[in-house]
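heads up, no residue letters with this:
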DNA sequence: GTACCGAATGGTACTCGGTGCCATTCTGTG
DNA sequence: CACAGAATGGCACCGAGTACCATTCGGTAC
């Protein structure tokens, strides 16, 4: 069979297995807790060997953590498209709203994962680490708009990511039809108002 | 009726050993890297058994991580002392400056630790986790000043901690006589200016 | 269809951080 | 001086993660 071999049949099978293992793991973690389920158990549930499982997911934590690379790409694309002479906060705001919209799309998945993450300190720690990596990249992109002042850029980027993080948290706890972009906008406005009263 | 009355000889010996082990560990980590030194090696260097070492430090990471409880107590004391009708950002600013002053005191120790922390993702992750715990406490204290709006309080607290984090980072890279409180103030002012231009 | 090559898999043995338990050795105090 | 409780060391164990090897499987060229 060669009709749909453009992505590569092998790669597609691998992708499918990847998703299947992750789904099984998330269910087990959700029911019994991240620390209460061993990698070996997941391997058995997914009917693969421990070796194979570690080939698909380099660490146990990777079974839960998200891959935000595409969402971040959208954020940076937005940032790059904004006029160079626009105030930095305006560009940042636009970029954050795009990020929020990207998150909005797969809310159910996010809810499931974050329930596990927030209940597991080690996962929380790694999630925060991911966020500062993004913060770093965001700061680099903003630095140009702030006359090369790295410290100010980092502070602005950190504040922006903090707004998203806080908004995301209440969004995940809110009713399913709440709009994340609205929440981000409101939170950002609130922060501005509180900082410069 | 024993812990608070006298220094307690036993407790003092324990304290001394605690410091000695940590000093030895920090030196080894600083020279060879956190991941390249095993707990067993540190135990040998410190001339204690692995068991004993784990009684002094529950995890390997605790050999490096800081105990900020006293600094945070100072921050919260300051916050509590501010007039209740003061704008939240003013109280926050005062509290952050107190925190900065507390850090200023033992700069050399902080420099040594942060060199190791920043070079080790796992330590970085746990440090960030600690910071969000503090953020949470700070947000709770601020909530009262913001008419009980938790989301706004969290955003403000997160922004404040982000400012400290960013300022701390450049402070540790700057010349030894730089004043952290100044850096925090400047960074906070810069953030306000950038957010509300 | 067959032969072949590389990817995918399973298994085993290992390292290291961390836990639990027990027996022994201090050490400060009554 | 005696004794309770702390401190210590040693051991056996668990789980995550790594390295390596042998086998099997799947796509492709012929």
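Yes, it's here. It should be emphasised that the depicted structure is a prediction, and the values quoted were computed from it without experimental measurement.

ok, now which ones touch residue A:24?
Residues near residue A:24 by CB atoms under 8 Å, 6 or more residues apart in numbering or on different chains: A:42, A:45, A:46. C-beta here means a position set from N, CA and C on the backbone, and glycine is covered the same way.

give me the helices and strands touching the helix or strand where the second one lies, please.
If you go by DSSP states H and E, residue A:45 is part of helix A:39-46. When contacts are defined as 3 or more CB pairs under 8 Å, 6 or more residues apart in numbering or on different chains; DSSP states H and E, helix A:39-46 packs onto helix A:9-32, helix A:50-56.

for that helix, the averaged confidence score.
Across helix A:39-46, pLDDT averages out at 98.

and stretch A:51-66, by the same measure?
pLDDT averaged over stretch A:51-66 gives 97.

quick one: residues in contact with that stretch.
Residues contacting stretch A:51-66 (CB under 8 Å, 6+ apart): A:14, A:17-18, A:21-22, A:25-26, A:29, A:34, A:39, A:42-43, A:46, A:48, A:110, A:113, A:116-117, A:120, A:122-123, A:126-127, A:130.

give me the buried subset of the residues you listed.
For those, a burial check counting by 16 or more other CB atoms under 10 Å in any protein chain shown picks out A:21-22, A:25-26, A:29, A:34, A:42-43, A:46, A:48, A:110, A:113, A:116-117, A:120, A:122-123, A:126-127, A:130.

count of residues packed around residue A:67?
Using other CB atoms under 10 Å in any protein chain shown as the criterion, residue A:67 is surrounded by 9 other residues.

tell me the centre residue of chain A?
residue A:68 (4.4 Å; CA atoms, centre = their mean).

quick check: which ranges of chain A have low pLDDT?
A:1-7 (pLDDT under 70).

correct me, but residue A:121 touches residue B:129?
Yes. Using CB atoms under 8 Å, residue A:121 is in contact with residue B:129, at 6.4 Å.

who's more crowded, the two?
The neighbour comparison of residue A:121 against residue B:129 (other CB under 10 Å) goes to residue B:129, with 19 against 15.

skip the chain neighbours and tell me the closest residue to that one.
residue A:125 (4.0 Å; CB to CB, 6 or more residues apart in numbering or on different chains).

for the one you found, list the residues it contacts.
Residue A:125 neighbours (CB under 8 Å, 6+ apart): B:125, B:126, B:128, B:129.

quick one: which of those residues sit in helices?
Among the contacts of residue A:125, DSSP state H puts B:125, B:126, B:128, B:129 in helices.

output those as CSV; include the columns distance to residue A:90.
Converted to CSV, the ones in helices among the contacts of residue A:125 look like this (distance: CB to CB, whole Å):
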residue, distance to residue A:90
B:125, 32
B:126, 35
B:128, 28
B:129, 32
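
out of those, who's nearest DNA strand D?
Of all those, DNA strand D sits closest to residue B:125, with 12.1 Å by CB to the nearest atom of the strand.

from the chain's centroid, how far away is stretch A:179-197?
20 Å (CA atoms, centre = their mean, to the nearest Å).

scratch that, stretch A:148-163 is what I was asking about
Per CA atoms, centre = their mean, the centroid offset for stretch A:148-163 relative to its chain is 18 Å.

touching, residue A:107 and residue A:176? I think so.
Yes. If you go by CB under 8 Å, residue A:107 and residue A:176 touch, sitting 6.7 Å apart.

close to chain B, is stretch A:181-193?
Yes. Stretch A:181-193 reaches chain B (CB under 8 Å from any CB of the partner chain) through A:187, A:188, A:190, A:191, A:192.

just to revisit the earlier point, out of residue A:107 and residue A:176, which sits in the more crowded spot?
residue A:107 (15 against 9).

residue A:28 is in contact with residue A:44, isn't it?
No. With contact defined as CB under 8 Å, residue A:28 does not reach residue A:44; the gap is 10.4 Å.

how far away is residue A:167 from residue B:15?
Here residue A:167 is placed at a distance of 44 Å from residue B:15 (CB to CB, to the nearest Å).

and these two? Which one has more around it.
Using other CB under 10 Å, the more surrounded residue of residue A:167 and residue B:15 is residue A:167, with 25 against 12.

quick check: which element contains that one?
Residue A:167 is part of helix A:150-173 when elements are defined by DSSP H and E.

list the buried residues for that helix?
Neighbour-count burial for helix A:150-173 [16+ other CB under 10 Å]: A:151-172.

also stretch A:189-197?
A:190, A:191, A:192, A:194, A:195.
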